[in-house]
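J.: Sharing a sequence plus its predicted fold:
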Amino acid sequence: MPSSHVVLDQVDTAFDDEHAVASARLLLAATLAERLGIEQAADQLVDLGGRPGAARPGRKLLTLVHAMVAGGDGIDDVELLRCGSTQAVLGHRVMAASTVGTWLRSFTFGHVRQLDRLTEAILGRAWAAGAGPGDGPLVVDVDSTICEVHGYHKQSAGYGYTHTLGSHPLLATRADTGEVLHARLRKGAANTARGIARFVDELVARLRRAGASGELTLRADSGFWSAKLIRRLRGHRVRYSITVRQIKAVRAAIAAIPEAAWVPIASQPDGAAQVAETGYQGDRLIVRRVRNQGEQAQLFATLARNLIRWIAALGLGVGDQQTVAKTLRRTLLHLPGRLTRSARQWTLHLPAGWPWAHSFTMALARLRCIPYPT
């Protein structure tokens, strides 16, 4: 039997380290948040009046943000910021999950718009610090997404074209960095292009105020293709690249392209691609055609993914769930520790106050009960 098996079984665990930090990378996020003045800006711009949880919105906002940076996806995950010495590297007092929940439940649409002003202000500060495009070109990708929710009483939740219960927000992201430039929450049953004209008005104004003085280009898929949006973009002097739907007129325009006009471009090793240009309703229509020459590569599951699933099934007794892998990484796997040895006994010291200490201990005990392969 390999000696490593004996070492692992002899490692004791203790959630007693008062100096451990749940996620060391939080120091970088906290330092930047402090330099950008997020807490102070939130205290000035987010005002819930006399509603429950109105006091010190900056602390509550940063508690949520830092929990998300650490991988959290629910209110209860803010508790990982309260274990060990994590709070010491955040630069603000960490608020309890119940306090943050009370604050969020007090929000109305007007308060969401206050948060919108806050994100714009912080975007401007980050760009002024050197993260912005300046007078250079800026390409923005606009798309919608489905944010799945659980529970029939979630505000804005509904079933859309994916038949998934959730909301259907609009997002504008910067093509070269991936940063989110603008967002607008919509009902789950909203059409893909619902509200896109006003969204573009707000987006362009926000980018100009933030300091983007160069050429703007907007890219979108066929769900947003409409004459109204194109007129709006032209009015803002914004260049655009929008995928068109293959309606009858478009197919006729493509069919009329002479064979000599098609130009080869780089493609996948097992395929060949060509592009050509023609006109359609006063715009340039760029067409790409692809021909696959080999068999499609087969997708396969990795051992790492399966190990995580098996930890849930064997260590915790949890069946296959959509979010189990992410949850396990955050609560049981991305866990700081300090290994010590005394009198031939190894001890792994883990953060004191870790909210999921019992689950970790139980999973380790159950996994150690699995016999070694013969």
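T.: Good, I have the coordinates.

J.: Do me a favour and get the end-to-end distance for stretch 43-61?
T.: Stretch 43-61 has an end-to-end distance of 10 Å (criterion: C-alpha to C-alpha, to the nearest Å).

J.: That one: which residues count as buried?
T.: Buried positions in stretch 43-61, judged by neighbour count with 16 or more other C-beta atoms under 10 Å: 43, 45-46, 48, 53-54, 56-61. For every residue, glycine as well, the C-beta is placed using N, CA and C.

J.: Out of those residues, which sit inside strands?
T.: Here DSSP state E is the test, and these give no hits in strands at all.

J.: And these, which is closest to T86?
T.: Distance ranking of the buried residues of stretch 43-61 against T86, using C-beta to C-beta, places R59 first at 14.8 Å.

J.: hmm, back to that, need the worst-confidence member of the buried residues of stretch 43-61.
T.: Of all these, G53 carries the smallest pLDDT score, 81.

J.: In space, what's closest to that residue - neighbours in sequence excluded?
T.: The spatially closest residue to G53, leaving aside those adjacent along the chain, is W103, at 3.6 Å (C-beta to C-beta, 6 or more residues apart in numbering).

J.: can you give me the strands in the stretch 251-374 of the chain?
T.: 263-265, 271-280, 283-292, 338-342, 345-351 (DSSP state E, counting those that start in this stretch).

J.: okay, these, which one's buried deepest?
T.: strand 345-351 (a mean of 17; mean count of other C-beta atoms under 10 Å).

J.: on that earlier part again, so which pair among the buried residues of stretch 43-61 is furthest apart in space?
T.: L45 and G53 (16.3 Å).

J.: on that earlier part again, got the contact list for the residue nearest to G53?
T.: For W103, the contacting residues are 48, 52-54, 57, 60, 95, by C-beta atoms under 8 Å, 6 or more residues apart in numbering.

J.: need these in TSV with distance to I75, can you?
T.: Formatted as TSV, the contacts of W103 follow (distance: C-beta to C-beta, whole Å):
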residue	distance to I75
L48	17
P52	15
G53	13
A54	18
P57	16
K60	11
M95	11
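
J.: These in helices, which ones?
T.: Residues of those located in helices (DSSP state H): 57, 60.

J.: partners of S342 in the sheet?
T.: Q345 (DSSP bridges).

J.: Would you mind measuring from it to Y240?
T.: Note on S342: its distance to Y240, by C-beta to C-beta, to the nearest Å, is 67 Å.

J.: Equivalent analysis for L104, please.
T.: According to C-beta to C-beta, L104 stands 36 Å off from Y240.

J.: who's more crowded, the two?
T.: Y240 (21 against 13; other C-beta atoms under 10 Å).

J.: sorry, back to before: the residue nearest to G53 sits in which helix or strand?
T.: For W103, the element it lies in under DSSP states H and E is helix 97-105.

J.: check contacts around L218.
T.: By C-beta under 8 Å, 6+ apart, the contact set of L218 is 139-142, 200, 233, 238-242.

J.: Check A20 too.
T.: Counting by C-beta under 8 Å, 6+ apart, the residues that A20 touches are 83-86, 336-338, 349-352.

J.: what does T278 give?
T.: Counting by C-beta under 8 Å, 6+ apart, T278 makes contact with 253-254, 256-257, 261, 285, 287.

J.: Mind checking which of the contacts of L218 are in strands?
T.: Judged by DSSP E, those include 139-142, 239-242 as members of strands.

J.: from these, which is closest to D73?
T.: Nearest to D73 among the ones in strands among the contacts of L218, counting by C-beta to C-beta, is D141 at 23.4 Å.

J.: which of the ones in strands among the contacts of L218 lies closest to P133?
T.: The nearest member of these to P133, counting by C-beta to C-beta, is V139 at 9.3 Å.

J.: Roughly how far does that closest one sit from C83?
T.: In this view, V139 and C83 are 42 Å apart by C-beta to C-beta.

J.: So if I had to pick from those two, which one is more boxed in?
T.: C83 (24 against 16).

J.: what's the closest non-adjacent residue to the more buried one?
T.: G353 (3.8 Å).

J.: OK, contacts around the one you found?
T.: By C-beta under 8 Å, 6+ apart, the residues touching G353 are 15, 82-84.

J.: quick check, nearest of these to R209?
T.: Nearest to R209 among those, with distances taken as C-beta to C-beta, is R82, at 37.2 Å.

J.: Quick check: the closest residue to the closest one other than its chain neighbours vs A70, distance?
T.: Of all residues not flanking R82 in the chain, V94 sits nearest, at 5.3 Å (C-beta to C-beta, 6+ apart). As judged by C-beta to C-beta, V94 and A70 stand 11 Å apart.

J.: Give me the residue ranges of the chain where confidence is low.
T.: Across the chain, the ranges flagged by pLDDT under 70 are 1-6, 267-271, 292-300, 302-305, 319-324.

J.: Which residue ranges of it form helices?
T.: 3-9, 26-36, 38-45, 57-69, 97-105, 109-126, 196-210, 227-235, 248-255, 303-310, 324-328, 357-368.

J.: Roughly how far does the nearest residue to A190 once chain neighbours are set aside sit from A343?
T.: Nearest residue to A190, sequence neighbours excluded (C-beta to C-beta, 6+ apart): H168, at 4.7 Å. Here the criterion is C-beta to C-beta. By it, H168 lies 60 Å from A343.

J.: which one of the ones in strands among the contacts of L218 has the most neighbours?
T.: Among those, V142 has the most neighbours (other C-beta under 10 Å), with 24 neighbours.

J.: I figured it was touching P169, is that so?
T.: No - the criterion here is C-beta atoms under 8 Å, and V142 misses it with P169 at 11.5 Å.
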